[in-house]
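K.L.:
please find the sequence and the predicted model below.
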Amino acid sequence: MVTVATVVIGAYGLRVARTTSDFLVASREVSPAWNAAAISGEYLSAASFLGVAGLVLKQGVDVLWYPVGFAAGYLALLLFVAAPLRRSRAFTLPDFCELRLGSVRLRKLATVFVIMIGWLYLVPQLRGAGLTVQTVAGGRYQVGVLLVGCVVIANVALGGMRSITFVQAFQYWLKLTALAVPIIFLVLHWQADGRPPLAPPSGAAFAHSTTVLFDHATTIARPDGSTVDVPAHASMVFPAGTPIPRVRGAGTSSGANWLLPGATETGGRRDRGLFAAYSLILATFLGTMGLPHVLVRFYTNRDGAAARRTTLVVLGLVGLFYLLPTLYGVLGRVYTPQLLMTGQTDAVVLVLPGAALSGLTGQLLGALVAAGAFAAFLSTSSGLLTSVAGVLSTDIVRRGSVRDFRMSAVLAGLVPLAFALRAGKMDVSQVVGLAFAVAASTFCPLLVLGVWWRGLTPVGAAAGVTVGGGTALAAVITTVVGPPLAGWPAVLIGQPAAWTVPLAFLAMVSVSLATRRRVPANVGLTMLRLHAPDPLRL
Amino acid sequence: MPPEPPRRVRVVLADAAAPRGGGDHTRTELEEQTGIGEALVKGLVRTQLALALRCAAVVAVGLGSLPLLFAVAPSVAGTRPFGVVLPWLLLGFAAYPFLFGVGWAYVHLVERTERDFTDLVEKH
């Protein structure tokens, strides 16, 4: 029943997701409200839809900085970039480099980082897709990844994507509804249950009799201190009221650790926890402005003032959405604690309605949530792949024909697909957080200094992007494929933004000052164009 | 006999032909990057940047101080206004209206600055 519903809704979701932005048709008469809903629809990805709730379930209050940062990024975009970027008439980030600094080499460098960030962002989307197929339809993870990956690639490559802002805007409301309606039922159910405590001091217990299926060999520690080794593919039955055992090495927190801020993964050391929190804040606040699929959308605004109003509405819409995943994560503590043991915390949004509500209601709401999840990763990955394939075909292949675009789309899609198939146990939101760190260490300084500082030179910009992006990428690669680290190195590498972003700014400013003679001659006119109020039409 | 060719029509861009008031002088200063024009633009950029930085500072203090506060005074983090633990209330809910409020104030103020600048250019 659920499978059938999912297949039907999935097919419908595919049809809905056949969109790309209408910027190529240069329809710039879209009103800020529609435009904002369309941007939000493309922005709210698998990381927002599934990942945030999963992290909240697992680690508690500390990870609330992820959704806050994902929303606050739009405030930084509004304050420093939105209107001048629209007035610059740059379509993509490489365009901005060429328009502002007149350097083709810098343009190429920016292109490389656009592709890197796009890939880094695509991997967790595909991972979310695989997880959804696995959870809802009972298929294999790899099958889900391949299926959705191929659908998205084919969609983008064959150009079958329709270009209606309305459809993208609809996606936002679909995702919001898909989380909002079930959570009303879930909260009512929790009330009717007599409000079971979310973080009881004695440790959580199973609310219902629960069968847990372990995919991997695991060691679990019972509350009395004894340990049990569970072989792979074994299942265990826990009667109602049994305390939930802890899983070795799962990085989950419980009790006061979950409820109160402080160090979760950082071994209880407060200074490291504080550093990780600030690093995450910096990455998400400053990273949004450097995401390729967000910026292109600004071109559809009529002028700078409209771009600002659009960004403000996006901030409101995205903020409204992020009220919901937190609730899923919190209620997941009560109704789906087995996810903490199997490690599939990212699935909490999908599993929760069926686990808490019995009968048809639970199944229908579960199908609704699954539809929202499909919409989330299909819209975001289609938008991202279009952006990446676009810069790949115009800047690397350099002929820009339709055939080149198709080849680029296939190439751009296969790389993250390969990574997603092999992606281990990384959390969806965490990988997205790393993509934000790279964006914050490259394009944030480039855009902010490019918009506000006359002294920026092409050499300085290139130096900053290379230093910041290079170090951030190295940290990301170490986190994803490197050996497990402990102590300070783990924090510095796992949340690199707090040192890579200042480093990028420093390199950009100091090299620009050293190469003062390379300041573009037309900088005065460029500044006038970026900042003069729209009604003057200068 | 071939049909008569359509009559030639002169098309004039309405905006360019519209009366513009007195603003030509300052406009020329701006467009030709004279000393005065450049000073005007620099002043505008500085005003806008100062406004953006002030709003960013409000967020930096309002949200950025929270991790430090919770670390320095764990007892504050444990309080429960409205029955919800304070950090959950602040980060799970209050942060979003706060961010939107700062953004709204910024848009309001920056549009006023731009109106002032436009008036300055158009009237002189």
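P.N.:
That came in fine, so what should we check first?
K.L.:
going by C-alpha atoms from here, please, whenever you check contacts or count neighbours.
P.N.:
OK.
K.L.:
burial of the closest residue to A:V133 other than its chain neighbours, as a residue count?
P.N.:
Spatial nearest neighbour of A:V133, chain neighbours left out: A:G144 (5.2 Å); criterion: CA to CA, 6 or more residues apart in numbering or on different chains. The number of residues packed near A:G144 is 23, by other CA atoms under 10 Å in any protein chain shown.
K.L.:
A:G144 and A:G128 touch, don't they?
P.N.:
No - no contact is recorded between A:G144 and A:G128 when judged using CA atoms under 8 Å, the distance being 9.1 Å.
K.L.:
so how far is chain B from the residue nearest to A:V133?
P.N.:
A:G144 sits at a distance of 32 Å from chain B (criterion: CA to the nearest CA, to the nearest Å).
K.L.:
same deal with A:S441?
P.N.:
Here A:S441 is placed at a distance of 18 Å from chain B (CA to the nearest CA).
K.L.:
residue contacts, the closest residue to chain B within the stretch 401-538 of chain A?
P.N.:
When CA to the nearest CA is the measure, the stretch 401-538 of chain A has its nearest residue to chain B at A:P533, with 5.6 Å between them. A:P533 makes contact with A:304, B:114-115, B:117-118 under the criterion CA atoms under 8 Å, 6 or more residues apart in numbering or on different chains.
K.L.:
scan those and report the most crowded one.
P.N.:
A:G304 (26 neighbours).
K.L.:
next, count neighbours for residue 112.
P.N.:
Because you didn't say which chain, this covers chain A. Considering only other CA under 10 Å, A:V112 is surrounded by 18 other residues.
K.L.:
let's do chain B instead
P.N.:
Residue neighbour count, defined by other CA under 10 Å, stands at 12 for B:R112.
K.L.:
tell me which element it falls in.
P.N.:
With secondary structure defined by DSSP states H and E, B:R112 is part of helix B:95-123.
K.L.:
and that helix, how far out from the chain's middle?
P.N.:
Computed by CA atoms, centre = their mean, to the nearest Å, the chain-centroid distance of helix B:95-123 equals 5 Å.
K.L.:
okay, now the unreliable bits of the chain?
P.N.:
Chain wasn't specified; assuming chain A. For chain A, applying pLDDT under 70 flags the ranges A:1-30, A:158-167, A:197-236, A:238-257, A:262-271, A:343, A:397-402, A:423-427, A:538.
K.L.:
oops, wrong one, chain B.
P.N.:
In chain B, residues with pLDDT under 70: B:1-4, B:9-25, B:83, B:124.
K.L.:
got the residues of it near chain A?
P.N.:
B:30-31, B:33, B:38, B:41, B:44-45, B:49, B:52-53, B:55-56, B:64, B:67-68, B:70-71, B:77-78, B:85, B:87-88, B:91-93, B:95-97, B:99-100, B:103-104, B:106-107, B:111, B:114-115, B:117-118 (CA under 8 Å from any CA of the partner chain).
K.L.:
pull out the buried members of those.
P.N.:
With neighbours counted using 16 or more other CA atoms under 10 Å in any protein chain shown, those contain these buried positions: B:30, B:33, B:38, B:41, B:44-45, B:49, B:52, B:55-56, B:64, B:67, B:70-71, B:77-78, B:85, B:87-88, B:91-93, B:95-96, B:99-100, B:103-104, B:106-107, B:114, B:117-118.
K.L.:
packing partners of the helix holding B:R112?
P.N.:
In terms of contacts (3 or more CA pairs under 8 Å, 6 or more residues apart in numbering or on different chains; DSSP states H and E), helix B:95-123 is packed against helix A:65-80, helix A:304-335, helix B:24-31, helix B:35-62.
K.L.:
helix A:304-335 and the first one, what's the angle between them?
P.N.:
Relative orientation of helix A:65-80 and helix A:304-335, computed by axes from the mean of the first three to the mean of the last three CA atoms, to 10 degrees: 170 degrees.
K.L.:
quick one: helix A:65-80 to helix B:35-62, angle?
P.N.:
Put simply, helix A:65-80 runs at 160 degrees to helix B:35-62, going by the same axes, to 10 degrees.
K.L.:
not counting whichever helix or strand comes after helix A:65-80 itself, show me its contacts.
P.N.:
Past helix A:65-80, further along toward the C-terminus, the next helix or strand under DSSP H and E is helix A:82-87. For helix A:82-87, the surrounding residues in contact (CA under 8 Å, 6+ apart) are A:96, A:298-299, A:301, A:303-308, A:311, A:451, A:529-531.
K.L.:
quick check, nearest of those residues to A:V391?
P.N.:
Distances from the contacts of helix A:82-87 to A:V391 were compared by CA to CA; the smallest belongs to A:F96, at 12.7 Å.
K.L.:
what is the neighbour count of the residue nearest to that closest one when sequence neighbours are not counted?
P.N.:
Using CA to CA, 6+ apart and skipping the chain neighbours, the partner closest in space to A:F96 is A:A90 (5.0 Å). Around A:A90 sit 20 other residues, with neighbours defined as other CA under 10 Å.
K.L.:
right, and A:A90 touches A:L99 too?
P.N.:
Yes - under the criterion of CA under 8 Å, A:A90 lies in contact with A:L99, with a separation of 7.1 Å.
K.L.:
can you give me the strands for chain A?
P.N.:
A:210-213, A:218-221, A:227-230, A:235-238, A:246-247 (DSSP state E).
K.L.:
could you report the neighbour count for residue 35?
P.N.:
Because you didn't say which chain, this covers chain A. Other residues within reach of A:N35, judged by other CA under 10 Å, total 28.
K.L.:
oops, chain B please
P.N.:
Using other CA under 10 Å, B:G35 is surrounded by 10 other residues.
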